[in-house]
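**Q** only geometry, no sequence info:
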């Protein structure tokens, strides 16, 4: 008779008491595992309807804003200016203002409306036939008056002021037996900047706002999708199956790289659409400088977002249900919103400091490059600082991710995640 066989209940278990290949155990080494995960993330995001709809809507908004700016820049404003009784000085002033408008390419058109007297001039203003009435003041020493139904348009006022000054100067010069050229000799004024930049403050603010918005959309939108993807896989227990075939650090690396590629591609699409659209607007002259700044922004975003993606993946791993995400992602959301508001409104020394602070330097340093305020080596140093931040963020996140991903039963804290990974 064969003796009964006694099976050791602990046979085949690892040191932690887990079946090899079971959930939470170290999967066999697979150098290509992270590539598979990365490809899966890219495909899933590329086929996600919410992502695609958001991308199309954002591109449409950018194109619409640029089209509006182009329309505003090309729109011609017509101003009819009333003069009374064939006043030759007023008529000449309006014509001079029109010539100045053409020379300055202000898209303003001035025409003369000659009426009989003051009552007819007021009637023309009331009926909307004219925008303003140019006439002498009651006291000749007070010069001229520009009357409107309400406050006269600022562009019209500026042009008529310059035209009137030119006409009066010519009259006074003729009366004095000289010429305007002799009186104004040596008075030409040109502008220059020490930094050599051709970007004015208004355009710089617009550019910084646009870069901050690109950062906000890319970081927040893609980050939330990473966290959501992690918690969905965790809640459905799919991650326990994946963990038997893919090492957790490979799973994290694939998610970081896949999501970063998609987020970067999204921002590149936005940037290209924006540049093409701006080429049809009055700001087309700054495109070379803006293009250089955008190259730095894309490079900074590519590096910095990998660190943010790792932190968002941990935020998803710390949650056990989708409802927990609002709590676990709040610190990242608040940080991104703070960077968004600070970077496009910062100036002076504060802006310089921000250009070296991860992750704010993703926006602040390209803006300084655009303004001409940064020396050639400053973006390089700032990028190295961002690389160091990203490496630390990924290393710290990798440990917390491994410790939290397979734990369930409510929200998990960072301390508990670190303890589980040790």
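**A** Arrived safely, thanks for sending. Being a predicted model, the structure only gives us computed values, none of them experimental.
**Q** low-confidence ranges in the stretch 251-400 of the chain?
**A** Applying pLDDT under 70 to the stretch 251-400 of the chain flags residues 282-285.
**Q** for it, just list every one of the helices.
**A** 287-318, 325-328, 330-345, 348-354, 361-371, 378-404 (DSSP state H, counting those that start in this stretch).
**Q** quickly compare those and say which is most buried.
**A** helix 361-371 (a mean of 27; mean count of other CB atoms under 10 Å). Quick note: C-beta positions are derived from backbone N, CA and C, even for glycine.
**Q** quick revisit: got the helices of the stretch 251-400 of the chain as TSV, with distance to residue 246 columns?
**A** Shown next, in TSV, are these (distance: least, CB to CB, whole Å):
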stretch	distance to residue 246
helix 287-318	14
helix 325-328	23
helix 330-345	25
helix 348-354	39
helix 361-371	30
helix 378-404	12
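**Q** what's the closest of the ones you listed to residue 138?
**A** helix 330-345 (47.8 Å; CB to CB).
**Q** which one, of the helices of the stretch 251-400 of the chain, ends up nearest to residue 150?
**A** Among those, helix 330-345 sits nearest to residue 150 (CB to CB), with 32.8 Å.
**Q** now do the contacts for residue 332.
**A** Residue 332 is in contact with 223, 308, 311-312, 315, counting by CB atoms under 8 Å, 6 or more residues apart in numbering.
**Q** greatest separation within those residues: which pair is it?
**A** 308 and 315 (10.3 Å).
**Q** follow-up on the earlier one: any idea which of the contacts of residue 332 is closest to residue 182?
**A** Residue 182 lies nearest to residue 308 out of the contacts of residue 332, by CB to CB, at 65.8 Å.
**Q** do you know how far the closest one is from residue 77?
**A** 46 Å (CB to CB, to the nearest Å).
**Q** for residue 292, same thing?
**A** Taking CB to CB, one finds residue 292 at 34 Å from residue 77.
**Q** ok, residue 389 next?
**A** Distance from residue 389 to residue 77, by CB to CB: 50 Å.
**Q** repeat for residue 397
**A** From residue 397 over to residue 77 the distance is 56 Å, taken as CB to CB.
**Q** please apply the same query to residue 189.
**A** The gap separating residue 189 from residue 77 is 26 Å, by CB to CB.
**Q** between the two, which has more neighbouring residues?
**A** residue 77 (14 against 4; other CB atoms under 10 Å).
**Q** now that one, nearest residue through space, not along the chain?
**A** Spatial nearest neighbour of residue 77, excluding adjacent residues (CB to CB, 6 or more residues apart in numbering): residue 108 at 5.0 Å.
**Q** that neighbour: how many residues sit nearby?
**A** 20.
**Q** so it makes contact with residue 75?
**A** No. Between residue 108 and residue 75 there is no contact under CB atoms under 8 Å: 10.1 Å.
**Q** if we can go back for a sec, and the residue nearest to residue 77, what pLDDT?
**A** As predicted, residue 108 sits at a pLDDT of 83.
**Q** what's the spacing between it and residue 265?
**A** For residue 108 relative to residue 265 (CB to CB), the value is 43 Å.
**Q** give me the distance between the residue nearest to residue 77 and residue 145.
**A** For residue 108, the distance to residue 145 - CB to CB - is 20 Å.
**Q** just residue 295 next, same as before
**A** The gap separating residue 295 from residue 145 is 53 Å, by CB to CB.
**Q** strands of this protein, start to end?
**A** With DSSP state E, the ranges of strands along the chain come out as 77-84, 108-115, 132-136, 144-147.
**Q** what's the most buried one of these?
**A** strand 132-136 (a mean of 22).
**Q** and the contacts of that strand?
**A** Under CB under 8 Å, 6+ apart, the answer for strand 132-136 is 79, 81-84, 87, 90, 93-94, 118, 121-122, 124-125, 143-148, 152-153, 156, 160, 164.
**Q** one more time with 6 Å
**A** 81-83, 90, 121, 144-148, 152 (CB atoms under 6 Å, 6 or more residues apart in numbering).
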